[in-house]
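>>> A structural model of the following input is requested.
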Amino acid sequence: MRSGSSMTSYSKDLELGGSPHIFTFEELEVATDGFSASRELGDGGFGTVYKGKLKDGRVVAVKRLYKNNYRRVEQFLNEVDILSRLLHQNLVILYGCTSRMSRDLLLVYEFIANGTVADHLHGSRSAERGLTWPLRLNIAIETAEALAYLHAVEIIHRDVKTTNILLDNSFHVKVADFGLSRLFPLEVTHVSTVPQGTPGYVDPVYHQCYKLTDKSDVYSFGVVLVELISSKPAVDMSRSHSEINLANMALNRIQNHEVVQLVDLELGYDTDPETKRTIDRVAEVAFQCLQMERDLRPSIKEVVEILTCVRDGDCRAKSMKKKASQKEDAHLLTEGLQFSPDSVIHRFHSQSTNHSVASNASGL
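Have a look, this model is predicted:
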């Protein structure tokens, strides 16, 4: 955990645009009916989230950090600092928090009523079948736009996953949970051997160098893309050993021209040619995001551009410029990746692809 002086320096480095509103523990206790179990919205690695209603009538989500988490003060300050300086339509709004000296550390967010993407894909609300393919493609684009905004201001989310992508009643995205987020100024290298991210989503390169970069968010986003086209969870112990990790399954299926065995057929993949076309394109983007070598992954800004043109139907004129090492130049096309199912496989069909598949198989 950072010392008080280093934490002050960290906050100063963020150049906060303004201080968050400070709530008392007592008013949030009242707002949540004493943190009643009936008000629980969910829990995760850092705390439990409750639905609450403030005195001014606002309905909010209150995150109560676990007391037995020794890094909770750091995570609390980290999330407050980062969210206090950000403003984007696809990022959750932080209304305020308790004092760091409060008996409990509490964060107060806008309440997003429609659950998470995970809920709708393969969770408690999956039976509703509310996420049509056009909605899923828009969710992918809005999530990528939120990440592109973060990366533009040198912030890595570091825990991108479908349980951290909230949906409002119109199925617009609100990316949440910044407890693990970090600034990534170019002159600073952050190394951490403390486990980062979530199994099934975390960049496999992390286990080799203990560093996460903006391309690590891109990898995690690739997993989200595969969930959107397949309706399958990122990790499922009931699947065969080589396919427990969804990323590994996707790399194998896409490389072997077996996208039909990966997608959720109820989306219309085998009945509507336009749906098939766009799902194939999104599968290609996911394939690129999931490459083992970080330099072979696109930037999230490039991902936004490609997904937007997939949706708008003008991808034939688009290409994704790839940075390649001298070693890769010998077998990679020098021009940008042209979008067809074969082009992805031909471009990455090499030791790097096989390495990616093998590495993801052990990356749980």
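
>>> Tell me where the model's unsure across the stretch 101-250 of the chain.
180, 183-196 (pLDDT under 70).

>>> change it to 90
Within the stretch 101-250 of the chain, the ranges that satisfy pLDDT under 90 run 101-103, 177-198, 206-212.

>>> all helices of it, in order?
Ranges of helices within the stretch 101-250 of the chain are 117-122, 133-152, 206-209, 214-230, 246-255, based on DSSP state H, counting those that start in this stretch.

>>> Now mean neighbour count too, for these, in TSV please.
Every C-beta, even on glycine, is put in place using the N, C-alpha and C of the backbone. Below are these laid out as TSV (neighbours: other CB atoms under 10 Å):
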stretch	mean neighbour count
helix 117-122	22
helix 133-152	22
helix 206-209	14
helix 214-230	25
helix 246-255	23
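
>>> Which of those sits closest to T163?
helix 117-122 (4.5 Å; CB to CB).

>>> that older thread, dump the helices of the stretch 101-250 of the chain into JSON lines; add distance to L87 as well.
Shown next, in JSON lines, are the helices of the stretch 101-250 of the chain (distance: least, CB to CB, whole Å):
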{"stretch": "helix 117-122", "distance to L87": "22"}
{"stretch": "helix 133-152", "distance to L87": "9"}
{"stretch": "helix 206-209", "distance to L87": "29"}
{"stretch": "helix 214-230", "distance to L87": "19"}
{"stretch": "helix 246-255", "distance to L87": "32"}
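
>>> looking at those, which is closest to Q288?
helix 214-230 (7.5 Å).

>>> Give me the domain ranges for the chain.
4-110, 117-361 (automatic domain parsing).

>>> any idea which of those is most buried?
Looking across the domains of the chain with neighbours counted as mean count of other CB atoms under 10 Å, the highest average goes to domain 117-361: a mean of 18.

>>> Show the contacting residues for A148.
For A148, the contact set (CB atoms under 8 Å, 6 or more residues apart in numbering) comprises I300, K301, V303, V304.

>>> same thing with G52?
L28, A31, T32, R39, V59, V60, A61, V62, V108.

>>> host element of it?
Per DSSP states H and E, G52 falls inside strand 47-53.

>>> three-state assignment of I22?
strand (DSSP: H, G, I helix; E, B strand; the rest coil).

>>> Isn't it up against G96?
Yes - the criterion here is CB atoms under 8 Å, and I22 meets it with G96 at 6.2 Å.

>>> so how far is I156 from V205?
14 Å (CB to CB, to the nearest Å).

>>> what is in contact with these two at once?
Common neighbours of V205 and I156, counting by CB under 8 Å, 6+ apart, are S216.

>>> Give me the pLDDT for S19.
Per-residue confidence (pLDDT) for S19: 75.

>>> Tell me who's in contact with it.
Per CB under 8 Å, 6+ apart, neighbours of S19: S84.

>>> Check F111 too.
Here F111 is in contact with K51, V59, V60, A61 (CB under 8 Å, 6+ apart).

>>> and the residues you listed as JSON lines, adding secondary structure, pLDDT and distance to P199?
Shown next, in JSON lines, are these (DSSP: H, G, I helix; E, B strand; the rest coil; pLDDT from 0 to 100; distance: CB to CB, whole Å):
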{"residue": "K51", "secondary structure": "strand", "pLDDT": "97", "distance to P199": "28"}
{"residue": "V59", "secondary structure": "strand", "pLDDT": "97", "distance to P199": "33"}
{"residue": "V60", "secondary structure": "strand", "pLDDT": "97", "distance to P199": "30"}
{"residue": "A61", "secondary structure": "strand", "pLDDT": "96", "distance to P199": "25"}
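
>>> follow-up on the earlier one: quick check: can you name the pairing partners of the strand holding G52 and their directions?
strand 40-43 (antiparallel), strand 59-65 (antiparallel) (DSSP bridges).

>>> if you average pLDDT over the shortest one, what comes out?
Put plainly, it is strand 40-43. Per-residue scores along strand 40-43 average to 88.

>>> Find the nearest non-adjacent residue to the spatially most central residue of the chain, please.
Centroid-nearest residue in the chain: V160, 2.1 Å away (criterion: CA atoms, centre = their mean). Of all residues not flanking V160 in the chain, S220 sits nearest, at 3.7 Å (CB to CB, 6 or more residues apart in numbering).

>>> wait, the one you found sits on D203?
Yes - in this structure S220 lies within contact range of D203 using CB under 8 Å: 7.0 Å.

>>> Identify the contacts common to those two.
Common contact partners of S220 and D203 (CB under 8 Å, 6+ apart): G197.

>>> one step back: nearest to A250 among the contacts of G52?
A61 (31.5 Å).

>>> ok, now how distant is the closest residue to A146 other than its chain neighbours from H207?
Distances taken as CB to CB, 6+ apart place N90 nearest to A146, at 3.9 Å, with adjacent residues excluded. Distance from N90 to H207, counting by CB to CB: 30 Å.
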